[in-house]
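Chemist: just coords:
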């Protein structure tokens, strides 16, 4: 293969045909570890860049910086100038090590943490190109291969100096950098829209359900004035726990098993059901899931502050419930959409109360049966509330899909527009 053809990306902007130049990063810039400050020096003094100002970002913002006491000499030696790139030297999570962020403008009198390595190019490189190139698959693979692990995952200057980086001429760098800067801004815009919808839903949940000790919600649909009534969970619902399938029950192709997040856990062979214990055959219908069924995670039921609760989608209709999840069974006729939003809210509240002091929280179905909740007297009010939040959830899901799609697009373009 022609060496020049091998050193060009799959996708390029029109007008650029020259091969990219492969260099070692240490040949185009210099590195310097950050400062280790004592506890007494922290919280006062001059601006200071720490891990949180780099982790998960590609630009170091001048806002929300910490403070650290430093001398004139330290501020000179550990300065941050426009075009500097900061690499995370040490991270608890392996995927965090070597993450990089560009310094878009000179930060006066600002130093940086000893957990960070500064790269200062001495050749002409585009800031916008540098803001994205270190997140490409090629660079990330090299960083992770060169990292070492102890209590944390670490990277050093020597490894960063040896990184093989392919660099186009400066005009192409600028175009690529500007393109991905716009793409990143578009993703951030969709993330803000999603966050706004999630916050709005959270606010409505607080206003459209009575607060503790009250019988009336703050916000209601017109025409409803009756006080809400307190009932126990077991007056309307029951949780049927899943079945503890064993390793030998699993097959490559068969009936899907799902956990509390409606995520596939494995498959079992329906032809072997007769060979499973009588406890399974007796309660088989309780383990069977249909589209629209509400499923709750029973073991570690809270993730990132949210309850593991979901409705079974069409593609999992006819699946089976796994032991760490429970299916909501309706004892009396009550609106399903209202039930979903009520249970999402109330089971989360119950779980937080029960999980105090526990490092492995789980839902006790017997205790949940006695959990008291507030219900509107009117079925029409239940239906209206349920429909409102169902539409909200659909809108949130739609925005989440758009965001995921953009993130996947960016990931694919990073692979095709870089070497």
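Modeler: Sure, I can see it. As the structure is a prediction and not an experimental result, all values here were calculated from the model.
Chemist: burial count for residue 185?
Modeler: Neighbour count of residue 185, defined by other CB atoms under 10 Å: 10. Quick note: C-beta positions are derived from backbone N, CA and C, even for glycine.
Chemist: that one looks like it's in a helix, true?
Modeler: Yes. Per DSSP: H, G, I helix; E, B strand; the rest coil, residue 185 lies within a helix segment.
Chemist: residue 102 versus that one, what's the distance?
Modeler: Remark: distance between residue 185 and residue 102 (CB to CB, to the nearest Å) = 15 Å.
Chemist: residues touching the residue most central in space within the chain, list them.
Modeler: Nearest to the geometric centre of the chain sits residue 304, at 8.7 Å (CA atoms, centre = their mean). Not one residue lies near residue 304 by CB atoms under 8 Å, 6 or more residues apart in numbering.
Chemist: got phi/psi on it?
Modeler: Main-chain torsions, residue 304, degrees, to the nearest 10: phi 50, psi 40.
Chemist: could you do residue 93 as well?
Modeler: The phi/psi pair for residue 93 (degrees, to the nearest 10) reads phi -90, psi 130.
Chemist: hmm, residue 144 and it touching each other?
Modeler: No. With contacts counted by CB atoms under 8 Å, residue 93 stays clear of residue 144, the gap being 11.7 Å.
Chemist: okay, those two: which has more neighbours?
Modeler: Per other CB under 10 Å, whichever of residue 93 and residue 144 has more neighbours is residue 144, with 14 against 11.
Chemist: secondary structure element holding that one?
Modeler: Using DSSP states H and E, residue 144 sits in helix 137-146.
Chemist: contact partners of whichever helix or strand comes after that helix?
Modeler: The element immediately downstream of helix 137-146 (helix or strand, assigned by DSSP H and E) is strand 148-149. Applying CB under 8 Å, 6+ apart, the external contacts of strand 148-149 come out as 94, 154, 155, 156.
Chemist: any idea how far the last one lies from residue 224?
Modeler: As for residue 156, its distance to residue 224 is 65 Å (criterion: CB to CB).
Chemist: check the first one too.
Modeler: Computed as CB to CB, the residue 94 to residue 224 distance reads 53 Å.
Chemist: out of those two, which sits in the busier spot?
Modeler: Counted by other CB under 10 Å, residue 94 and residue 224 do not tie: residue 224 has more neighbours, with 16 against 12.
Chemist: which helices and strands does the helix holding residue 144 pack with?
Modeler: helix 157-161, strand 164-167 (3 or more CB pairs under 8 Å, 6 or more residues apart in numbering; DSSP states H and E).
Chemist: of all these, which lies closest to residue 369?
Modeler: Of all the helices and strands packed on helix 137-146, it is helix 157-161 that lies closest to residue 369, at 56.9 Å by CB to CB.
Chemist: measure how far the closest one is from the centre of its chain, please.
Modeler: 30 Å (CA atoms, centre = their mean, to the nearest Å).
Chemist: buried ones in it, by neighbour count?
Modeler: The neighbour-count check on helix 157-161 (16 or more other CB atoms under 10 Å) flags 157, 159, 160 as buried.
Chemist: likewise for stretch 6-15?
Modeler: Neighbour-count burial for stretch 6-15 [16+ other CB under 10 Å]: 8, 9, 12.
Chemist: quick one: the first one from residue 346, how far?
Modeler: Put plainly, it is residue 8. For residue 8, the distance to residue 346 equals 58 Å [CB to CB].
Chemist: before we move on, back to that, including pLDDT and distance to residue 190, could the buried residues of helix 157-161 go into CSV?
Modeler: Output for the buried residues of helix 157-161, formatted as CSV (pLDDT from 0 to 100; distance: CB to CB, whole Å):
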residue, pLDDT, distance to residue 190
157, 96, 37
159, 95, 35
160, 96, 32
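Chemist: rewinding a little: among the contacts of strand 148-149, which are in strands?
Modeler: Applying DSSP state E to the contacts of strand 148-149, the entries found in strands are residue 154.
Chemist: most neighbours out of the contacts of strand 148-149, which is it?
Modeler: The residue in the contacts of strand 148-149 with the most neighbours, by other CB under 10 Å, is residue 155 (22 neighbours).
Chemist: just list the residues touching that residue, thanks.
Modeler: When contacts are counted by CB under 8 Å, 6+ apart, residue 155 touches 87, 88, 89, 90, 97, 98, 117, 143, 146, 147, 148.
Chemist: try it again with 10 Å
Modeler: Residues near residue 155 by CB atoms under 10 Å, 6 or more residues apart in numbering: 87-91, 97-99, 117, 143-144, 146-148, 163.
Chemist: ramachandran coordinates for it?
Modeler: As for residue 155, its main-chain torsions (degrees, to the nearest 10) stand at phi -130, psi 150.
Chemist: the helix or strand of the chain with the lowest mean pLDDT: what's the following helix or strand?
Modeler: Least confident helix or strand, the chain: helix 3-6 with a mean of 59, by mean pLDDT, DSSP states H and E. Going down the chain from helix 3-6, the next helix or strand is strand 21-24, by DSSP H and E.
Chemist: residue 207: neighbouring residues, count only.
Modeler: Residue 207, neighbours per other CB under 10 Å, totals 13.
Chemist: can you tell me the element it falls in?
Modeler: helix 170-208.
Chemist: got the buried residues for whichever helix or strand comes after that helix?
Modeler: For helix 170-208, the following helix or strand on the C-terminal side (DSSP H and E) is strand 229-232. In terms of neighbour count (16+ other CB under 10 Å), strand 229-232 has no buried residues at all.
Chemist: mind listing the helices in this structure by residue range?
Modeler: For the chain, the helices defined by DSSP state H cover 3-6, 72-77, 127-133, 137-146, 157-161, 170-208, 233-236, 278-282, 284-287, 336-354, 365-369, 379-417.
Chemist: got the ones you listed as JSON lines, with distance to residue 62 columns?
Modeler: Shown next, in JSON lines, are these (distance: least, CB to CB, whole Å):
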{"stretch": "helix 3-6", "distance to residue 62": "41"}
{"stretch": "helix 72-77", "distance to residue 62": "15"}
{"stretch": "helix 127-133", "distance to residue 62": "15"}
{"stretch": "helix 137-146", "distance to residue 62": "26"}
{"stretch": "helix 157-161", "distance to residue 62": "24"}
{"stretch": "helix 170-208", "distance to residue 62": "17"}
{"stretch": "helix 233-236", "distance to residue 62": "51"}
{"stretch": "helix 278-282", "distance to residue 62": "61"}
{"stretch": "helix 284-287", "distance to residue 62": "56"}
{"stretch": "helix 336-354", "distance to residue 62": "37"}
{"stretch": "helix 365-369", "distance to residue 62": "49"}
{"stretch": "helix 379-417", "distance to residue 62": "25"}
